[in-house]
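# here is my input; please provide its structure:
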Amino acid sequence: MTVIFWEEPIEIGPRETAYLQVREAQDAPNVRIVVPHLPQGMPDEAREAALMRLLDAHVASVRGALIAWYYTPMMLSFSRHLETNVAVYDAMDELSKFKFAPAQLLELERELLSCADIVFTGGSSLYEAKKD
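Numbering: from 1, shown residues only. From the prediction side, this is the model:
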């Protein structure tokens, strides 16, 4: 079983090539922490395509059960096609209330809540807000 914890992309120079930084979580060899590095200024469509390409290449190396651990619904736009054994949504904050929250966040969150096998929330009030 492998758990992939995919973090938000880090911007690199506009002429650099996209790549993944992958490391094992400390004391958890079956948990991979993956950080995409993407060229600065990529158009949204190219960015999504690059993220999907990087994700697919990484998932191809996984043997056994695959667990997708989401801490943001924004990842769903380029990962919904994956065949995972378990999908976890780690909803520790009300991301839609953050300044500069993407417009599509709520729609993606509804989709993620409907397909997640397990949802963790950052407290009982957030649980109440998400459960319906």
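# most centrally placed residue in the protein?
What sits nearest the mean C-alpha location of the chain, by Cα atoms, centre = their mean, is Met75, with 3.9 Å.
# OK, contacts around the residue lying closest to that residue once chain neighbours are set aside?
Of all residues not flanking Met75 in the chain, Trp6 sits nearest, at 5.8 Å (Cβ to Cβ, 6 or more residues apart in numbering). In short, each C-beta sits where N, CA and C put it, glycine included. Going by Cβ atoms under 8 Å, 6 or more residues apart in numbering, Trp6 touches Val34, Pro36, Leu55, Ala68, Trp69, Tyr70, Met75, Ser79.
# out of these, which is most surrounded?
For these, the largest neighbour count, defined by other Cβ atoms under 10 Å, is 26 neighbours, found at Ala68.
# how many other residues sit next to the residue nearest to that residue when sequence neighbours are not counted?
In space, and not counting its chain neighbours, Ala68 is closest to Thr84: 4.4 Å by Cβ to Cβ, 6+ apart. Look at Thr84: counted by other Cβ under 10 Å, it has 17 neighbours.
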